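1. what would the 3D arrangement of this be:
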Amino acid sequence: MFEAKTINEFAGSDVAAGAPLFGVGSVAQPETGPLISLSHIHKVYRMGDVDIHALHGISLEIHRGEFVAIMGSSGSGKSTTMNIVGCLDKPTRGHYFLEDQDVSTLSKDELADIRNRKIGFVFQGFNLLSRTSALENVELPMLYLGVKTAERLRRAKEALELVGLGDRLDNMPNQLSGGQQQRVAIARALVNQPTIILADEPTGNLDSRTSVEVMDVFQYLNREHGITIALVTHEPDIAEYTKRVVVFKDGRIKRDQQVASPRSAREELDKLPPPGADAFDDEDEDE
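-> Sure thing, here's the model as predicted:
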């Protein structure tokens, strides 16, 4: 969904050396203005002699600390919108403000700098390097920026601990479950303390239980650390874990509403049997 970019383009460098990524209970304080503001955004693609209108003047605000689900069928405009929010594309008309900065008219290099410093990306396919450990995968964005070794290790370890993988630092992706791989990807998105995390169908390749586990991580990061998250999904049940749902149709916003009572992934996991509890034992398999 998001346009593919090299890993170094998603890195940032604003975290001070030795400073914790996110202090315990460090929920962001409310601010007067929106974190993200899209104002009358149009996007037109030229296909030969035909103009394709992907977005028809949409306006959308996301405030700091929100957890928003972006939904819509193929061709609805949700992917185009998220590419603009992620500074991977520019609107044809209209304005996009990120932390009060109008980024809609910036050059490609300037947009890359915004991505590096302010946006963390999580993808459906994890996008981990197969011959690189969990720790090294999380280190990569900082490696490209020349962050010193000790600082790189500290921040990567803290990010992995934050998503519950402090005991899997040296595991390769093929030694991790799908849910664990996605948590490594989330840790990688966190290491530079981005302004917002954009998650593209992060549960799309996962089974039901593992999807709930990943949503538990997102809810924890949003609730306990005030991290702003915009999550693209086509699954209504996944959207129920968020605080707000924005639905796109035909290049316009069809519905934008708060979730009255978000589902709690933690409560649901506590009620589920342990993984493998319903599996047949060896004796059953031999019968």
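
2. hmm, who's touching stretch 75-85?
-> With contacts defined as Cβ atoms under 8 Å, 6 or more residues apart in numbering, stretch 75-85 is touched by 1-3, 36, 38, 41, 43, 54-56, 58, 60, 70-72, 89-91, 96, 104, 196, 198, 200, 230, 232, 248-252. Where C-beta positions appear, they are placed from N, C-alpha and C, glycine not excepted.

3. what about the strands in this protein?
-> With strands called from DSSP state E, the chain shows them at 36-47, 50-62, 67-71, 93-98, 101-102, 119-122, 196-200, 229-232, 244-249, 252-258.

4. TSV for the ones you listed, including mean neighbour count and distance to G179?
-> Below are the strands of the chain laid out as TSV (neighbours: other Cβ atoms under 10 Å; distance: least, Cβ to Cβ, whole Å):
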stretch	mean neighbour count	distance to G179
strand 36-47	16	28
strand 50-62	16	26
strand 67-71	24	19
strand 93-98	18	30
strand 101-102	12	36
strand 119-122	24	13
strand 196-200	23	14
strand 229-232	25	16
strand 244-249	20	23
strand 252-258	13	28
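
5. in CSV, list these along with distance to V163 and mean pLDDT.
-> Shown next, in CSV, are those (distance: least, Cβ to Cβ, whole Å; pLDDT from 0 to 100):
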stretch, distance to V163, mean pLDDT
strand 36-47, 24, 95
strand 50-62, 22, 96
strand 67-71, 16, 98
strand 93-98, 25, 96
strand 101-102, 29, 94
strand 119-122, 11, 92
strand 196-200, 12, 95
strand 229-232, 13, 96
strand 244-249, 23, 98
strand 252-258, 27, 97
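
6. flag the shaky bits of the protein, pLDDT-wise.
-> Counting by pLDDT under 70, the chain has low-confidence residues at 1-32, 144, 276-287.

7. just to revisit the earlier point, the strands of the chain: which one's closest to P173?
-> strand 119-122 (14.9 Å; Cβ to Cβ).

8. which other helices and strands contact the closest one?
-> Using 3 or more Cβ pairs under 8 Å, 6 or more residues apart in numbering; DSSP states H and E, the elements in contact with strand 119-122 are helix 178-190, strand 196-200.

9. in its sheet, what does it sit against?
-> Strand 119-122 pairs in its sheet with strand 196-200 (parallel), by DSSP bridges.

10. tilt between the strand it pairs with and strand 50-62?
-> Angle, strand 196-200 to strand 50-62, by axes from the mean of the first three to the mean of the last three Cα atoms, to 10 degrees: 130 degrees.

11. still on that earlier bit, okay if I get the helices and strands packed on strand 119-122 as CSV plus distance to V138?
-> Shown next, in CSV, are the helices and strands packed on strand 119-122 (distance: least, Cβ to Cβ, whole Å):
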stretch, distance to V138
helix 178-190, 5
strand 196-200, 14
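
12. and of these, who's closest to E110?
-> Nearest of the helices and strands packed on strand 119-122 (Cβ to Cβ): strand 196-200, 17.7 Å.

13. who touches the closest one?
-> Under Cβ under 8 Å, 6+ apart, the answer for strand 196-200 is 1-2, 35-36, 62, 82, 85-86, 118-124, 186, 189-190, 218, 221, 227-232.
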